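Chemist: Build the 3D model from these lines:
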Amino acid sequence: MEVLVDFAVLTIIYFRKFYKKWKKEGRDVLAVNTAMYVYLSFVLYFTLMPIITSLPFIFNHSYTPMNLVPFIDVLNSRGDFVRQVVLNIIMTIPFGFLLPLTNNNIKILKVVFYTFLLSLSIELLQPLINGIRSADITDLITNVAGGIIGYAMYLTFKPLIMKILNCVSNTNSL
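Modeler: Residues are numbered from 1 along each chain as shown. Modelled structure (predicted):
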């Protein structure tokens with residue numbers, strides 16, 4: 001129930017700040033940027049929410065330092081490490097795929113950099129916003145791997161995606 005406040009704020013931000021701007025730029029821009037916005041909203045949902053209702057309590061718990069030993073859970077066979085690795089990779093595949101669609105000048109190194117920044121932000125904020133969650137270098141590594149896979153998928157499907165976006169864009173002129 002607390003996440004509904006976050007989604008309400010995200011919806012208001014979308015319509016007040018982005019929707020009109022993106023719509024002016026064309027249906028293709030609106031579609032791609034809206035897909036990225038919805039995707040990032042769900043990333044927030046799975047990694048940080050509830051955010052707004054947690055803010056008053058942000059300093060009411062201790063900050064757990066980041067685990068800086070890569071793949072320690074895998075090496076020690078702790079918990080559901082395979083599931084965590086796979087989910088972290090899957091989570092950022094759409095980011096690596098959608099990012100170059102939002103800006104044609106984005107190449108692999110920028111995708112890696114922006115995926116790293118997204119993941120680092122999440123990892124540093126998780127223990128602050130929610131005292132139950134912890135930050136892990138393995139998540140950072142696997143998230144970047146997911147971004148790279150997403151970019152490879154973008155390159156693979158780029159001709160098809162461009163055809164689809166051109167069709168969407170051409171319906172603007174009708």
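Chemist: How much space separates residue 33 from residue 45?
Modeler: Applying C-beta to C-beta, to the nearest Å, the value for residue 33 to residue 45 is 19 Å. For the C-beta atoms, the positions are set from N, CA and C on the backbone; glycine is no exception.
Chemist: okay, those two: which has more neighbours?
Modeler: The neighbour comparison of residue 33 against residue 45 (other C-beta atoms under 10 Å) goes to residue 33, with 20 against 15.
Chemist: Which helix or which strand is home to the more buried one?
Modeler: Using DSSP states H and E, residue 33 sits in helix 27-47.
Chemist: now whichever helix or strand comes after that helix, how far from the centre of its chain.
Modeler: Heading C-terminal from helix 27-47, the first helix or strand you meet, by DSSP H and E, is helix 72-75. Per C-alpha atoms, centre = their mean, to the nearest Å, the displacement of helix 72-75 from the mean C-alpha position of its chain is 24 Å.
Chemist: Quick one: name whatever helix or strand follows helix 72-75.
Modeler: Per DSSP H and E, the first helix or strand lying C-terminal to helix 72-75 is helix 81-102.
Chemist: Can you tell me which helices and strands that next one packs against?
Modeler: On a contact count with 3 or more C-beta pairs under 8 Å, 6 or more residues apart in numbering; DSSP states H and E, helix 81-102 meets helix 27-47, helix 72-75, helix 108-129, helix 137-170.
Chemist: Okay, now the unreliable bits of the chain?
Modeler: 171-174 (pLDDT under 70).
Chemist: Which residue is the nearest non-sequential neighbour of residue 89?
Modeler: residue 146 (4.0 Å; C-beta to C-beta, 6 or more residues apart in numbering).
Chemist: coming back round to it: tabulate the helices and strands packed on helix 81-102 (a markdown table), appending distance to residue 83.
Modeler: Below are these laid out as a markdown table (distance: least, C-beta to C-beta, whole Å):
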| stretch | distance to residue 83 |
| --- | --- |
| helix 27-47 | 13 |
| helix 72-75 | 11 |
| helix 108-129 | 18 |
| helix 137-170 | 11 |
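Chemist: Of all those helices, which one is nearest residue 92?
Modeler: Smallest distance to residue 92 across the helices and strands packed on helix 81-102 (C-beta to C-beta): 3.4 Å, for helix 137-170.
Chemist: Report the buried residues of that closest one.
Modeler: For helix 137-170, burial by neighbour count (16 or more other C-beta atoms under 10 Å) applies to 138-151, 154, 161, 165, 168-169.
Chemist: before we move on, back to that, buried stuff in the helix holding residue 33?
Modeler: By 16+ other C-beta under 10 Å, the buried positions in helix 27-47 come out as 27-33, 36-37, 39, 41, 43-44, 47.
Chemist: Thanks a lot, catch you later.
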